[in-house]
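# got a predicted model here, sequence first, then my questions.
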Amino acid sequence: MDLEALQDIALAGAGERSIDAVLTRLVSGLHDQDGVALARVWLVDHADLCLRLVASAGAPLDGRGVWSSTDGRFARLPLASARKVGAVATRGEGVLLNDVISDAWADRDWVTRERIVAFAGQPLVFRGDTLGVVAIFRRLAISPDEFRWLRALADYAAVAIAHARAFSENERLREQLERENRYLRDEVDTALAFGRIVGTSRALRRVLQQVEVVAGTDATVLVLGESGTGKELVAREIQERGKRAGRPFVRVNCSAIPRDMFESEFFGHTRGAFTGAIKDRGGRFELANGGTIFLDEVGDLPMELQPKLLRVLQDGQYERLGDERTRQTDVRIIAATNHDLESRVRTGLFRQDLFYRLSVFPIELPPLRARRDDIPRLAMHFVKVCAERLGVAAPPVPIDVIERWKHYSWPGNVRELQNVIERAVILARGGPLRVPPDLAFGRTRMAPDVSPDDAEVIVPDQEWRHRERTNMLAALKRTKGRISGVGGAAALLGVKPSTLSSRLKSLGIQAEDAH
């Protein structure tokens, strides 16, 4: 055997980090040596008290196939086996045979057919522990020097195997640590509502489960909830946890867009499309292409503008104001409202087809009073955030303050709590957080929740008619007495012109009364 080649085998094996790679290098390198018919490695299985064949390289004389399988007759050898490989492992000493055919242990048919002359086996020992056995079957005699070199190679191989095992164990531990960290991050995410929505209450967990389910799809989502419950945060979490993460997230406040600017804001305009349009400008849907558009306060969208929005939601097509070219947009729609849209549909203030288009996957956010268990975590979170933003030390929060907050109804929800805490942090001035009642709750008295039945206000018929009359007169005044048409009083009130005319007549109101 080429002694320099044995050194190369040792060095190559030492450079591998995978046990399989180390063993493959070892047996392949040995098989490449002059006259070696078969090279194999068995490793000790302490649990089963046996040697398991883990690597094999060789070829028969007739050239038909290779001996690379680790299955078969010699795949498992008991450590107490009388065979030479078992003896090498149990004694920790090498065995050299240059007359294999005369040994009772040999498979005579195979030895004769393949003209095997010699066998050499060396234990793989690392720090006094026998890891296994490396063995070769050769068609030439093995000299004492070659046997000693095989011993040296076995030592190098044992070190490489031990290091590869250590590396594999480190990798396993690293992966385990990563899994644990992922689990802990998931726990933190749950506690912090995916990083930004703080809480672990049952009501909030239900919301987060819905977010997790829908985030990976492109389904349209309708986020419902009272003002201040965090509808935009939920929309952003859906975006960040979906396949559109990192893409544009464009927020549109539907209640803040003037009627005459709706098309321009949503779809853009061309130069000269209207007075003041001095250049071409893309709209919100164009800006959000490939990402998500968040239609905030969609329930406040005027009735006459809803069909224009519906078209782009259904077909993904629109035209810039003043342009005949039809454009295509690929956006995910997330809408939000604090209105009862079904009720607005019934009263004619919201299109039914637009409602169904938006409410493919509704998510209803609980008010803060329905998740009181989250108030301590929210409070501590806001104290920390506010202190960092103001550049002051976070003041300690007394338990009695937290308890008072837990018993308040929070009509402004999380937004109100955040504002209260920010003001309190400003006033703390290095001391504990103390919130005077008139500051803490916007001069709103502390009170338990009012039941839904108690919260209902009954309006007498005379008062109701007075309110209805005042509302209609206000609409007529704004439209200068015009009932029908775009921008007419009927459109403002969300009713048909014939319906409005009938109601005006029943109340004894003339259109001229508004002038």
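Thanks, I have it. All values reported here derive from a predicted model rather than from experimental measurement. Numbers count the residues shown, from 1 in each chain.
# so where's this structure shaky on pLDDT?
1-16, 81-82, 104-105, 175-196, 435-466, 486-487, 511-515 (pLDDT under 70).
# now the strands: where do they sit in the stretch 151-300 of the chain?
221-224, 249-253, 268-269, 281-282, 292-296 (DSSP state E, counting those that start in this stretch).
# looking at these, which is nearest to M380?
strand 221-224 (25.6 Å; Cβ to Cβ). C-betas here are computed from N, CA, C, even on glycine.
# list phi and psi for G121.
phi -130, psi 140 (degrees, to the nearest 10).
# with V66 instead?
In terms of degrees, to the nearest 10, the main-chain angles of V66 are phi -140, psi 160.
# what sits against it?
Residues in contact with V66, defined by Cβ atoms under 8 Å, 6 or more residues apart in numbering, are 57-59.
# how far away is the residue lying farthest from the centre of the chain from P396?
Distance from the centre of the chain peaks at S102, with 67.3 Å (Cα atoms, centre = their mean). Between S102 and P396 the computed distance is 89 Å (Cβ to Cβ, to the nearest Å).
# how many neighbours does A393 have?
11 (other Cβ atoms under 10 Å).
# now it. Nearest residue, chain neighbours left out?
Distance criterion Cβ to Cβ, 6 or more residues apart in numbering; nearest residue to A393, sequence neighbours excluded, is A387 at 6.4 Å.
# what does W67 give?
The nearest residue in space to W67 (Cβ to Cβ, 6+ apart) is G58, at 3.8 Å.
# my read: that neighbour touches D32, true?
No. Under the criterion of Cβ atoms under 8 Å, G58 is not in contact with D32, lying 10.6 Å apart.
# out of the two, which sits in the more crowded spot?
For G58 and D32, the more surrounded residue by other Cβ under 10 Å is G58, and the numbers stand at 20 against 14.
# who does the more buried one form a beta bridge with?
L38 (DSSP bridges).
# could I get the contacting residues of it?
G58 neighbours (Cβ under 8 Å, 6+ apart): 31, 36-40, 66-68, 137.
# give the buried subset of those residues as a PyMOL selection command.
Those of these that count as buried under 16 or more other Cβ atoms under 10 Å are selected in PyMOL with:
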select buried, resi 31+36+37+38+39+40+67+137
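# which one of the contacts of G58 is nearest to M303?
Among the contacts of G58, S68 lies closest to M303 (Cβ to Cβ), at 76.4 Å.
# what are the ranges of the helices in the stretch 301-450 of the chain?
Remark: helices assigned in the stretch 301-450 of the chain by DSSP state H, counting those that start in this stretch are 306-315, 341-346, 352-358, 375-390, 399-406, 413-428, 437-440.
# which of the ones you listed sits closest to V27?
Per Cβ to Cβ, nearest to V27 of the helices of the stretch 301-450 of the chain: helix 375-390, 59.0 Å.
# show me what the closest one is packed against.
helix 399-406, helix 413-428 (3 or more Cβ pairs under 8 Å, 6 or more residues apart in numbering; DSSP states H and E).
# elements contacting the first one?
If contacts are counted by 3+ Cβ pairs under 8 Å, 6+ apart, helix 399-406 sits against helix 375-390.
# the helix it packs on: which residues count as buried?
Within helix 375-390, judged by 16+ other Cβ under 10 Å, the buried ones are 375-379, 381-383, 385-387.
# mind putting those residues in a markdown table, distance to G242 included?
Putting the buried residues of helix 375-390 into a markdown table (distance: Cβ to Cβ, whole Å) gives the following:
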| residue | distance to G242 |
| --- | --- |
| I375 | 30 |
| P376 | 31 |
| R377 | 26 |
| L378 | 26 |
| A379 | 31 |
| H381 | 25 |
| F382 | 27 |
| V383 | 32 |
| V385 | 26 |
| C386 | 30 |
| A387 | 33 |
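# any idea how far A154 lies from R40?
13 Å.
# what touches both of the two?
V134.
# using CSV, list the CA coordinates for the one helix or strand V111 maps to.
Following DSSP states H and E, one finds V111 within helix 108-113. Output in CSV follows, covering the C-alpha atoms of helix 108-113 (Å, rounded to 0.1, in the frame of the first residue of the first chain):
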residue,chain,number,x,y,z
ARG,A,108,-13.8,-20.1,2.0
ASP,A,109,-15.9,-19.9,-1.1
TRP,A,110,-15.7,-16.1,-1.2
VAL,A,111,-12.0,-16.1,-0.3
THR,A,112,-11.2,-18.6,-3.0
ARG,A,113,-13.4,-16.9,-5.7
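# which residues are in contact with it?
So helix 108-113 is contacted by 60-61, 100-101, 116 (Cβ under 8 Å, 6+ apart).
# near G268, how many other residues are there?
Residues lying near G268 (other Cβ under 10 Å) number 23.
# the nearest residue to it once chain neighbours are set aside: neighbour count?
Excluding the flanking residues, the one nearest G268 by Cβ to Cβ, 6+ apart is G283, at 3.6 Å. As a burial measure, G283 scores 23 neighbours (other Cβ under 10 Å).
# is it true that G283 touches E265?
Yes. Counting by Cβ under 8 Å, G283 touches E265, with 6.1 Å between them.
# can you pull the contacts of P497?
Here P497 is in contact with 483-484, 488, 490 (Cβ under 8 Å, 6+ apart).
# ok, and the closest non-adjacent residue to it?
Closest to P497 by Cβ to Cβ, 6+ apart is S484, at 3.7 Å.
# is it correct that that neighbour falls within a helix?
No. S484 is assigned coil when assessed by DSSP: H, G, I helix; E, B strand; the rest coil, not a helix.
# touching, it and A490? I think so.
Yes. When contacts are counted by Cβ under 8 Å, S484 is listed as touching A490 (5.8 Å).
# which of the two has more neighbours?
A490 (22 against 15).
# compute the distance between the more buried one and D300, please.
Relative to D300, and taking Cβ to Cβ, A490 is found at 18 Å.
# and the residue nearest the centre of the protein?
Closest-to-mean residue, the chain, Cα atoms, centre = their mean: R241 / 4.6 Å.
# surely R325 touches Q317?
No. Using Cβ under 8 Å, R325 makes no contact with Q317, being 10.6 Å away.
# looking at these two, which is more packed in?
A count of neighbours by other Cβ under 10 Å puts Q317 above the other of R325 and Q317, at 13 against 7.
# report the beta-bridge partners for the nearest residue to the more buried one once chain neighbours are set aside.
Spatial nearest neighbour of Q317, excluding adjacent residues (Cβ to Cβ, 6+ apart): T326 at 5.4 Å. Note on T326: beta-bridge partners by DSSP bridges are E319.
# what's the burial count for T326?
T326: 10 neighbours (other Cβ under 10 Å).
# so what's it up against?
317-319.
# how about the residues you listed in TSV, adding distance to P411?
Formatted as TSV, these follow (distance: Cβ to Cβ, whole Å):
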residue	distance to P411
Q317	42
Y318	39
E319	43
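# what is the nearest of these to I333?
Using Cβ to Cβ, the shortest approach to I333 within the contacts of T326 belongs to Y318, at 13.3 Å.
# might one say that that closest one is in contact with T329?
Yes. In this structure, Y318 is within contact of T329 by Cβ under 8 Å, at 6.7 Å.
# give me the more crowded residue out of those two.
A side-by-side neighbour count of Y318 and T329, using other Cβ under 10 Å, places Y318 first with 22 against 19.
# for the more buried one, give its distance to E265.
12 Å.
# tell me, what's touching the two both at once?
G283.
# before we move on, the earlier item: okay if I get the strands of the stretch 151-300 of the chain as CSV plus distance to A336?
Conversion of the strands of the stretch 151-300 of the chain to CSV gives the following (distance: least, Cβ to Cβ, whole Å):
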stretch, distance to A336
strand 221-224, 4
strand 249-253, 10
strand 268-269, 23
strand 281-282, 23
strand 292-296, 5
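# do you know which of those lies nearest W410?
Nearest to W410, of these and by Cβ to Cβ, is strand 221-224 at 17.9 Å.
# now do the closest one: distance to the chain's middle.
When C-alpha coordinates are averaged (Cα atoms, centre = their mean, to the nearest Å), strand 221-224 and its chain have centres 20 Å apart.
# check stretch 263-280 too.
With Cα atoms, centre = their mean, you get 39 Å for stretch 263-280.
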